[in-house]
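**Q** I'll drop the sequence and a predicted model, then ask my questions.
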Amino acid sequence: MAEQPVKVAAVSYLNTKPLLYGLTHHPVAREIRLTLDYPSKIADQLIGGSVDLALVPVAILPLLRSFQIVGDYCIGADGPVASVGLFSGVPLDQIRQIYLDYQSRTSVALLKLLCAEFWKIQPRFLDTNEEFLDRIRGTDGGLLIGDRALFQRTRSPYCEDLGAAWKSFTRLPFVFAAWVSNRPLSPGFVREFNAANRLGLDHIEDVVRENPCPWIDLRAYYTRHISYALTAEKRKGLEKFLELLPGAS
């Protein structure tokens, strides 16, 4: 076990609740110091070295001088993910500009890739640093991730699910976020951390009860949309995404 607490960061979106359940109910909780924030901020913390291990958007991996993917679990999808989408009031080919979710990095990169290579559209992309849900109207679309995306599904007449689009584009699953460390961790700690993740996924019913959500069937979301196992096929999907990122060698 680690002599000093391992500084761990994760998001508190609904999609991470099974993993967080494990980290707070497993004995490994005594070995970590857990903080929560949204994905792009957590990415900055891992890049800057203020945390040791984080559930980060995979688009940041090329920005890390050295890293290791830890354990056998991730935030992934093998088809529709439900909580990452391009929302609009018009069909895809009529969208003129897209507000980009300030909480995201991987999803922004994925959206731009899909627009250029899969959908063959050239909208104007608008960076944001605040909420913009009220601007998703007319020919203005918006990329949303996490809980806000789940809610927006009840409001917008059109939604392009980025997990489904990637699957259609590549025939591979997608990894949105993975547990990544910026320094070596002991094998014993990694085993315990992995077991904690597994514990949460073994208690999905408890997670559903603890996180009531009126606008989505969480049980279906956790078992049909989010795919947590970091399989060999997901690793292939991750490698493909990193190859296609602008600036990749």
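**A** Received it, and whenever you're ready, just let me know what you need.

**Q** Listing partners with orientation, what would you give for the longest strand seen in the chain?
**A** Ordering each strand of the chain by length in residues (DSSP state E) puts strand 68-77 first. Partners of strand 68-77 in the sheet, by DSSP bridges, are strand 174-181 (antiparallel), strand 227-229 (antiparallel).

**Q** after that strand, next one along is what?
**A** strand 84-88 (DSSP states H and E).

**Q** model confidence over that following strand, on average?
**A** Strand 84-88 carries an average pLDDT of 97.

**Q** Report the angle between it and strand 174-181.
**A** 130 degrees (axes from the mean of the first three to the mean of the last three Cα atoms, to 10 degrees).

**Q** Now strand 84-88 - C-alpha only, PDB.
**A** What follows is strand 84-88, C-alpha atoms only, in PDB (Å, rounded to 0.1, in the frame of the first residue of the first chain):
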ATOM      1  CA  VAL A  84     -22.400  13.000 -25.000                       C
ATOM      2  CA  GLY A  85     -24.400  14.600 -27.800                       C
ATOM      3  CA  LEU A  86     -24.700  17.300 -30.300                       C
ATOM      4  CA  PHE A  87     -28.100  18.900 -29.700                       C
ATOM      5  CA  SER A  88     -30.000  21.200 -32.000                       C
END
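
**Q** For the helix or strand just after that strand, list every residue counted as buried.
**A** Helices and strands here follow DSSP H and E; after strand 84-88, the next one along the chain is strand 97-99. Residues Ile98, Tyr99 are the ones in strand 97-99 that count as buried (16 or more other Cβ atoms under 10 Å). Bear in mind the C-beta positions are built from the backbone N, C-alpha and C, glycine included.

**Q** Give me the packing partners of strand 97-99, helices and strands only.
**A** On a contact count with 3 or more Cβ pairs under 8 Å, 6 or more residues apart in numbering; DSSP states H and E, strand 97-99 meets strand 124-126, strand 140-145.

**Q** where are the low-confidence patches of this protein?
**A** Residue ranges of the chain with pLDDT under 70: 1-3, 247-249.

**Q** can you list the domains in it?
**A** For the chain, automatic domain parsing gives the domain ranges 6-76+173-232, 84-170.

**Q** The longest helix belonging to the chain vs strand 174-181, what angle?
**A** Assignment by DSSP state H gives helix 187-201 as the longest helix of the chain. Following the same axes, to 10 degrees, one obtains 140 degrees for the angle between helix 187-201 and strand 174-181.

**Q** What residues of helix 187-201 count as buried?
**A** Phe189, Val190, Glu192, Phe193, Asn194, Ala196, Asn197, Arg198, Leu199, Gly200, Leu201.

**Q** and the residues you listed as TSV, adding distance to Ile136?
**A** Shown next, in TSV, are the buried residues of helix 187-201 (distance: Cβ to Cβ, whole Å):
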residue	distance to Ile136
Phe189	43
Val190	41
Glu192	43
Phe193	38
Asn194	39
Ala196	37
Asn197	34
Arg198	38
Leu199	38
Gly200	33
Leu201	33
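
**Q** Can you tell me which of these is nearest His26?
**A** Using Cβ to Cβ, Ala196 is the member of the buried residues of helix 187-201 that lies nearest His26, at 3.6 Å.

**Q** contacting residues around the residue nearest to the closest one when sequence neighbours are not counted?
**A** Spatially, and ignoring its direct neighbours in sequence, Ala196 is nearest to His26 (3.6 Å; Cβ to Cβ, 6 or more residues apart in numbering). By Cβ atoms under 8 Å, 6 or more residues apart in numbering, the contact set of His26 is Glu192, Ala195, Ala196, Leu199.
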